[in-house]
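**Q** sequence and computational prediction follow.
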Amino acid sequence: MRDFGNFDAININLKNPGEYIFSAPVEILSRAPLVINCPISFSDLPEFERNYPLPDQWEKDVEIGRTPGRMFAKHGLIQTGERFNSFPLEWRIYVLLHEIAHAKYKTEWKADTLALYWFCLLGYNHSQALYALSKVLHQSPANMKRIKNIYKFVKP
C-alpha cells in the first residue's frame, strides 16, 4: 500500500468489469490492464503423460458420486455432478481446468498443477486455486499431498 495522506491506496485486480459494492467509500485512482500474477511457469510443469485433444463435450448434472467432475480423456468428455453447481465461480473454473488437464496427465497432482497454470493465466488469483482444492477435496492422505503440491507454488 502507498500512503496518500490520511488515505491508503490499494491495488485491486478485478478480472471482470462491472459494478462492485465496497464496505467503505472508494475512489478510482487509475485503471490499468489486468495484472497476471502467475507463480508457476510452463517450465515448472511435469512432462505430459498423454497427448489427447482437449475435451469438446460437457455433460452437466450427471450422477457421479462424491467427485464434482470427471474426464473421459479418450472420448473428450467432461462430466460434472450436481455438487459442482453449488461452488463459487472460481472453484468451478478451477475444477473444469483440472478436468481438461487430464487430456495431458493421468496423475491427479499433475492435472492440478496444469490447472493452476491455466487458472493464473486467465487472471484468477492463485490462492483461489488452493482454496478450491482444499474445500472441494475430501480429506485423505492422497488429497493432502495434492493440496501441498499446489501450496508450494502459491505460498508467499
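**A** Yep, that arrived. Residues are numbered from 1 along each chain as shown.
**Q** tell me the secondary structure at Lys74.
**A** helix (DSSP: H, G, I helix; E, B strand; the rest coil).
**Q** distance of it from Met144?
**A** According to CB to CB, to the nearest Å, Lys74 and Met144 sit 29 Å apart. For glycine as for every other residue, the C-beta is placed from the backbone atoms N, C-alpha and C.
**Q** show me where the protein has helices.
**A** Secondary structure of the chain (DSSP state H): helices located at 89-101, 108-121, 126-136, 141-154.
**Q** any idea which residue is closest to the centre of this protein?
**A** Centroid-nearest residue in the chain, with CA atoms, centre = their mean: Tyr94, separated by 3.2 Å.
**Q** contacting residues around the residue nearest to that residue when sequence neighbours are not counted?
**A** In this structure, Tyr94 finds its nearest non-sequential neighbour in Ala132, 4.3 Å apart by CB to CB, 6 or more residues apart in numbering. By CB atoms under 8 Å, 6 or more residues apart in numbering, the residues touching Ala132 are 87, 90-91, 94-95.
**Q** could you redo the last one with a cut-off of 10 Å?
**A** 68, 87-88, 90-95, 97-98, 112, 115-116, 119, 124, 150 (CB atoms under 10 Å, 6 or more residues apart in numbering).
**Q** only whichever of the residues you listed are buried, select them in ChimeraX.
**A** The buried residues among the contacts of Ala132 can be selected in ChimeraX (16 or more other CB atoms under 10 Å) with this line:
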select :68,87,90,91,92,93,94,95,97,98,112,115,116,119,124,150
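**Q** I'd say Leu130 and Cys120 touch.
**A** No. In this structure Leu130 lies outside contact range of Cys120 using CB atoms under 10 Å: 11.4 Å.
**Q** and for these two, which residues touch both?
**A** Both Leu130 and Cys120 are in contact with 153-154, where contact means CB under 10 Å, 6+ apart.
**Q** tally up the residues packed near Ile147, please.
**A** 15 (other CB atoms under 10 Å).
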